[in-house]
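Student: Got a predicted model here, sequence first, then my questions.
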Amino acid sequence: MEVVSGIEERASVLVVDDNPLIRSVVQSLFQLENYQVSIANNGQDALGILATQQVDVIVCDVMMPRMDGYEFFDSCLLYTSPSPRD
């Protein structure tokens, strides 16, 4: 975790999975370690999240309806920056 101007900034994780039980378990495990967690049901929903917020790590299922994990990662390159977070 990074402290910016006296405010602790938590690392963020995006969990993308169509299975609600898996999403919930993975979300809980990251939250126990004090990560800020966003969740998405599929790749299209995840792209919507990436359009509005920056994440440090993405945990993604491969086999999902609407947009699988491979298509998602190809598309999410549009939302990534070439340099690491300062």
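Tutor: Received, thanks.

Student: Helices along this structure, start to end?
Tutor: In chain order, the chain shows helices spanning 20-32, 43-52, 69-76, with DSSP state H as the criterion.

Student: To residue 9, which of those helices lies closest?
Tutor: Taking C-beta to C-beta, helix 20-32 is the member of these nearest to residue 9, at 15.4 Å. All C-beta spots, glycine's among them, are computed from the backbone N, C-alpha and C.

Student: So which residues make contact with the closest one?
Tutor: Applying C-beta atoms under 8 Å, 6 or more residues apart in numbering, the set of residues contacting helix 20-32 from outside is 13, 15, 17, 37, 39, 41, 59, 61.

Student: Looking at those, which is nearest residue 49?
Tutor: For the contacts of helix 20-32, the nearest to residue 49 is residue 39 (8.6 Å; C-beta to C-beta).

Student: and the closest one, what are its bridge partners?
Tutor: When bridges are taken as DSSP bridges, the partners of residue 39 come out as residue 15.

Student: dump the residue contacts of it.
Tutor: Counting by C-beta under 8 Å, 6+ apart, residue 39 makes contact with 14-17, 23, 27.

Student: any idea how far it is from residue 59?
Tutor: Distance, residue 39 to residue 59, by C-beta to C-beta, to the nearest Å: 10 Å.

Student: how much space between the residue nearest to the spatial centre of the chain and residue 62?
Tutor: Nearest to the centroid of the C-alpha atoms of the chain, with distances taken as C-alpha atoms, centre = their mean, sits residue 14, at 1.3 Å. In this view, residue 14 and residue 62 are 15 Å apart by C-beta to C-beta.

Student: What about residue 16, how many residues nearby?
Tutor: Burial measure for residue 16: 28 neighbouring residues, criterion other C-beta atoms under 10 Å.

Student: Surely it is in contact with residue 60?
Tutor: Yes: using C-beta atoms under 8 Å, residue 16 is in contact with residue 60, at 4.2 Å.

Student: Mind listing the shared neighbours of those two?
Tutor: With contacts defined as C-beta under 8 Å, 6+ apart, the residues shared by residue 16 and residue 60 are 43, 46, 69, 72.
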